[in-house]
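**Q** Predicted coordinates and the sequence they were generated for:
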Amino acid sequence: MSGKSIFKKVYFSNIILGLFISLFSFSAWANEPVAAEAAEHAPKQEEKFDAGKMILHHIADEHEWHFFTIGHFHATVPLPCIVYTQSAGLQIFSSSNFKNEHHEEVPYQGLKLEHGKIHAENGEQVYDISITKNVASLLISAVLLLSIFIGIGKTYKENPHRAPKGVQSLFEPIIIFVRDEIAKNNIGEKHYRRFMPYLLTVFFFIWFNNMLGLIPGGANVTGNIAVTAVLAIIAFFVTNLNGKATYWTHVFAMPGVPKWMLLIMTPVEIVGVFMKPFSLMVRLFANMTAGHIILLSLVSLIFIFENSALGIAVVPFSLFMNVIELIVAFIQAFIFTMLVSTYIGAAIEEHHH
Amino acid sequence: MELITPDFGLIFWQILVFGILFFLLAKFAWKPIIQSLHEREESIDQAIKLSEETKKEMAELKAGNEQLLVSARAERDALIKQAKEAADAMISQAKLDAQTAANQEIEKARVAFEQEKVAAVASIRKEAASLSLDLAEKVLKSQLKDKAAQEKLVSEWIADVTLK
């Protein structure tokens, strides 16, 4: 019975999501006749397809959520811009203000959107904390994570000794995997519990955002350097703030090494302290971005050669790549968490000789 | 280059969202999940341990029972043996007693028979003596019918008496 009701719930939430999306599309549709009319008057010039530009546009952040364009119809969801400037203070407005009815970029209240960045026309510093496509996706993933895991948490609290049910039984093996294979193995039985909330949050955050990025029209959140940089900086602080005496002596005065060697060793070790989170940042960013680029390149092949017959080869191959990307989504989350926990494990290890 | 230049706004939102996410998930999701997973594993461990202990105890109990059974059986055998021996002893004693009693009776009977025999012989002898006296009387009576013979006899008796 309960299984049936869960199915119903999921089913209905899907319908609501569908309605939501179609609502946005309708708002776009409403603008369409105007745009079409305008297009008739404008001189027609077919732009040559530029795969590189298209791909970079897709993997980069933007101030509106663009799904697709058919002819002169642009399926986009305008997103709120939040901008602070010294002269005008905090301004909140819709990103649709940057486009006129001909879908051309126009300045708005002394601000203009250039190459996906907001600049002030008078040249002053602009602090842009707009809800961009990536931020919106980030918020969606946060809501998803919170609703799923707080829900599961409640079930666990209510009957801790029961066997898992439903969504709980989907995530329990993964939580146990993170605990046993990642945390316990690398940090050790004694300290691992302290780091479990952090590791689980990092793991599921990366995994969920990786997966959301794979949905067509999804944002490339974990393939954005800002996101991975923040994750890496947090990892840096978690590792080094928990560093024990043994860790620091290994960095600054490696034991069992001739004194003169320390002249080389210590700088290398200090670089290593920063290189570890840096590699985390680059790894996740590069892997996710590369995946997106490959998928987009494969699809672009059809348009580059202007031959739909190529789809026979491209579609199965991009399907294959998509499945690979699904695996990569999990693996990258796993690797990030795994490496952070090995760094933590090395930092908190006590000297025992 | 744009691709690898972190965006200020996204850094801001990422710190905010990740921070809030960490705080809320740690408090409302990970804590109860990890706690109850730990508790569940602990309770399963305990249950397994308990069942193993109970099994062991049962086995011990079974072994004890068997031992008890064996000793009980041995005891019973010993008791039966003892009882048999006692019974045998009693029977043989009784046999012995009966034998002696019978022997005594036989002896008594023999003695009585001997006495009876002696008595009988004595009475036969007496009878025989009286018979022979009667016979002698009759013989004498027939011999002493005449006077001469009587006188002769009397004289003989008197001679005897005087001689004494």
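**A** Ah, there it is.
**Q** What residue in chain B comes nearest to chain A?
**A** Closest residue of chain B to chain A, CB to the nearest CB: B:Ser36 (3.3 Å). Quick note: C-beta positions are derived from backbone N, CA and C, even for glycine.
**Q** Could you look up the SS state of the closest residue to chain B within the stretch 1-150 of chain A?
**A** Nearest residue of the stretch 1-150 of chain A to chain B: A:Phe149, at 3.7 Å (CB to the nearest CB). Put simply, A:Phe149 is helix when judged by DSSP: H, G, I helix; E, B strand; the rest coil.
**Q** what's near enough to touch the one residue sitting closest to the centre of chain B?
**A** Taking CA atoms, centre = their mean, the centroid of chain B lies closest to B:Ala83, which sits 2.2 Å from it. Counting by CB atoms under 8 Å, 6 or more residues apart in numbering or on different chains, B:Ala83 touches no other residue.
**Q** got it, and A:Phe252?
**A** By CB under 8 Å, 6+ apart, the contact set of A:Phe252 is A:266, A:269-270.
**Q** Assumed the residue of chain B closest to chain A was part of a helix.
**A** Yes. Under three-state DSSP, B:Ser36 falls within a helix.
**Q** And it, how close does it get to B:Leu25?
**A** In this structure, B:Ser36 and B:Leu25 are 15 Å apart, going by CB to CB, to the nearest Å.
**Q** of the two, who's got more company?
**A** Taking other CB atoms under 10 Å in any protein chain shown, B:Ser36 and B:Leu25 do not tie; B:Leu25 has more neighbours (25 against 19).
**Q** who's in contact with the more buried one?
**A** Listed by CB under 8 Å, 6+ apart, the contact set of B:Leu25 reads A:145-146, A:149-150, A:197, A:200-201, A:204.
**Q** cool, A:Pro255 as well?
**A** Counting by CB under 8 Å, 6+ apart, A:Pro255 has contacts A:Thr249.
**Q** pLDDT at it, what is it?
**A** Among the per-residue scores, A:Pro255 shows a pLDDT of 84.
**Q** With A:Ile348 as the reference, measure out to it.
**A** In terms of CB to CB, A:Pro255 sits 17 Å off from A:Ile348.
**Q** need the helices for chain B, in chain order.
**A** Assigned by DSSP state H, chain B shows helices spanning B:8-25, B:31-143, B:147-163.
**Q** what's the spacing between the last one and its chain's center?
**A** When you say that, I think you mean helix B:147-163. 92 Å (CA atoms, centre = their mean, to the nearest Å).
**Q** That one vs helix B:31-143, what angle?
**A** If you take axes from the mean of the first three to the mean of the last three CA atoms, to 10 degrees, helix B:147-163 sits at 120 degrees to helix B:31-143.
**Q** Just the mean pLDDT for helix B:147-163, thanks.
**A** Rounded mean pLDDT across helix B:147-163 is 80.
**Q** contacts for that helix?
**A** Where contact means CB under 8 Å, 6+ apart, the residues beyond helix B:147-163 that reach it are B:143-144.
**Q** okay, and for chain B, where does confidence drop off?
**A** Per-residue confidence for chain B (pLDDT under 70) gives these ranges: B:1, B:163-164.
**Q** Is the residue of the stretch 51-200 of chain A at minimum distance from chain B part of a helix or strand, or is it coil?
**A** Of all residues in the stretch 51-200 of chain A, A:Pro160 sits closest to chain B, at 3.3 Å by CB to the nearest CB. Assigned by three-state DSSP, the conformation of A:Pro160 is coil.
**Q** How about it: what's its closest non-neighbour residue?
**A** Spatially, and ignoring its direct neighbours in sequence, A:Pro160 is nearest to B:Ser36 (3.3 Å; CB to CB, 6 or more residues apart in numbering or on different chains).
**Q** likewise A:Phe317?
**A** Closest to A:Phe317 by CB to CB, 6+ apart is A:Leu298, at 6.0 Å.
**Q** Relative to the whole chain's centre, how far out is whichever strand or helix holds that neighbour?
**A** If you go by DSSP states H and E, A:Leu298 is part of helix A:262-305. In this view, helix A:262-305 has its centroid 14 Å away from the chain centroid, taken as CA atoms, centre = their mean.
**Q** average model confidence for it?
**A** Helix A:262-305 comes out at a mean pLDDT of 92.
**Q** for it, packing partners?
**A** helix A:51-59, helix A:192-214, helix A:225-241, helix A:245-252, helix A:311-348 (3 or more CB pairs under 8 Å, 6 or more residues apart in numbering or on different chains; DSSP states H and E).
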